[in-house]
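Student: fold the following for me, if possible:
(one chain, ligands or ions: 2)
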Amino acid sequence: MDQRYATHPDQIAGLDTQALRDTFLVERLFVPGQVTAVYTHHDRIVLAGAVPAGTPLPLEAFPELRAEHFLQNREAGIINVGGAGTVTADGETYPMAKGACLYLGRGVRDVVFADDDVDADVDVEEGGAQFYLFSAPAHTTYPTVLAQPGEGTVRELGDQLTSNRRTLTQLIHADGIRSCQIVMGFTTLHPGSMWNTMPAHTHDRRTECYLYFDVPADARVLHVCGEPEETRHLVVADRQAVISPSWSVHSGVGTASYSFVWAMAGENQAFDDMDAVPVAALR
Ligand SMILES: O=C(O)C(=O)C[C@H](O)C(=O)CO
Ligand SMILES: [Zn+2]
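Tutor: Ligands and ions are numbered 1, 2, ... in the order given. Coordinates of the predicted model:
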């Protein structure tokens with residue numbers, strides 16, 4: 001499992017493009033036939049991509065966790081960003097269409113990812129299931145809950161006039177699917193709108209990760225990061241993830257329409273506990 005150690009804001013000024021990408025960007029999380037995981041020491045979050053590609057895929061206990069099974073001391077939120085599939089948790093099978101979200105509480109032992117038709121020779125690029133997993137340490141067990149596409153708390157944000165009209169769906173949060181730490185959902189830009197999370201913000205109490213998806217192959221999102229007065233950007237392609245430490249702004253503009261899964265863990269679960277940065281204050 002790839003390890004990303006925690007960072008200090010002073011580091012960012014000295015990072016060149018490659019070092020910036022190596023530190024904050026996860027370029028290859030969705031590899032056919034495997035579960036690919038990254039462990040960030042920011043709030044001890046694990047990000048993973050699981051691509052069954054026709055063969056059921058177990059979630060193993062990576063040795064770095066020093067645990068008997070992945071969720072022995074952790075919880076996880078899973079969102080399918082690909083074709084229809086299933087997640088089986090301790091023998092119970094949950095149908096996961098694209099956009100479905102499954103919360104797995106601490107203590108779930110056996111987790112298996114699969115395509116809907118496990119016998120088919122699924123071409124990943126043509127529509128196999130692609131599961132994005134966000135996991136954080138958990139002190140107790142909350143029940144496993146499945147949210148189907150269309151469920152959750154919907155918030156309409158932004159304005160067409162500032163090119164940031166977007167629909168945000170909260171799934172795992174204080175007033176929705178309960179968890180110890182995880183706050184998770186996704187945001188979709190409206191046609192013609194390209195900016196997410198503008199005005200940008202920080203939240204010193206939580207680490208946040210973005211997984212961009214439904215980005216056309218020839219398009220990119222320029223993701224803004226760094227302290228508000230010392231920003232940098234990452235050029236991000238489809239199904240790549242960004243680790244955004246508590247001290248970093250996170251915002252982005254696409255060269256085409258896109259969606260992203262946002263997920264957080266840390267001191268609190270108060271979605272609106274964020275410190276907005278006026279656009280004119282960004283450097
Ligand atoms: O479009 C947005 O705005 C977002 O999706 C914001 C993220 O959810 C976020 O940064 C929450 O802290
Ligand atoms: Zn945020």
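
Student: how far does stretch 171-179 sit from its chain's centre?
Tutor: 15 Å (CA atoms, centre = their mean, to the nearest Å).

Student: end to end on it, go ahead and measure it.
Tutor: End-to-end span of stretch 171-179 (CA to CA, to the nearest Å): 11 Å.

Student: tell me the mean pLDDT for that stretch?
Tutor: Averaged over stretch 171-179, pLDDT sits at 97.

Student: next, the buried residues of that stretch.
Tutor: Neighbour-count burial for stretch 171-179, counted by 16 or more other CB atoms under 10 Å, picks out Leu171, Ile172, His173, Gly176, Ile177, Ser179. All C-beta atoms are positioned from the backbone trio N, CA, C, and that covers glycine.

Student: tell me the one among those nearest to ligand 1.
Tutor: His173 (10.2 Å; CB to the nearest ligand atom).

Student: so that closest one makes contact with Asp272?
Tutor: No: using CB atoms under 8 Å as the test, His173 is too far from Asp272 to be in contact (10.6 Å).

Student: would you map the helices across the protein?
Tutor: Listed in chain order, the helices of the chain (DSSP state H) span 17-24.

Student: tell me, how many neighbours does His42 end up with?
Tutor: Neighbour count for His42, taken as other CB atoms under 10 Å: 22.

Student: where does the protein dip in pLDDT?
Tutor: Low-confidence segments of the chain, defined by pLDDT under 70, are located at 118-126.

Student: run the last query once more with 90
Tutor: Low-confidence regions of the chain, defined by pLDDT under 90, span residues 117-127.

Student: which bits of it sit near ligand 1?
Tutor: Residues of the chain that fall close to ligand 1, judged by CB under 6 Å from any ligand atom: Leu157, Arg166, Leu168, Thr187, Asn196, Thr197, His203, Glu208, His250, Trp262, Met274.

Student: hey, C-alpha coordinates of stretch 33-42 in CSV?
Tutor: Output in CSV follows, covering the C-alpha atoms of stretch 33-42 (Å, rounded to 0.1, in the frame of the first residue of the first chain):
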residue,chain,number,x,y,z
GLY,A,33,-8.4,-6.9,-11.2
GLN,A,34,-7.1,-5.4,-8.0
VAL,A,35,-7.8,-3.3,-4.9
THR,A,36,-5.3,-0.4,-5.0
ALA,A,37,-4.9,1.5,-1.8
VAL,A,38,-3.1,4.6,-0.5
TYR,A,39,-2.6,5.4,3.2
THR,A,40,-2.3,9.1,4.1
HIS,A,41,-1.1,9.9,7.5
HIS,A,42,-3.4,13.0,7.4
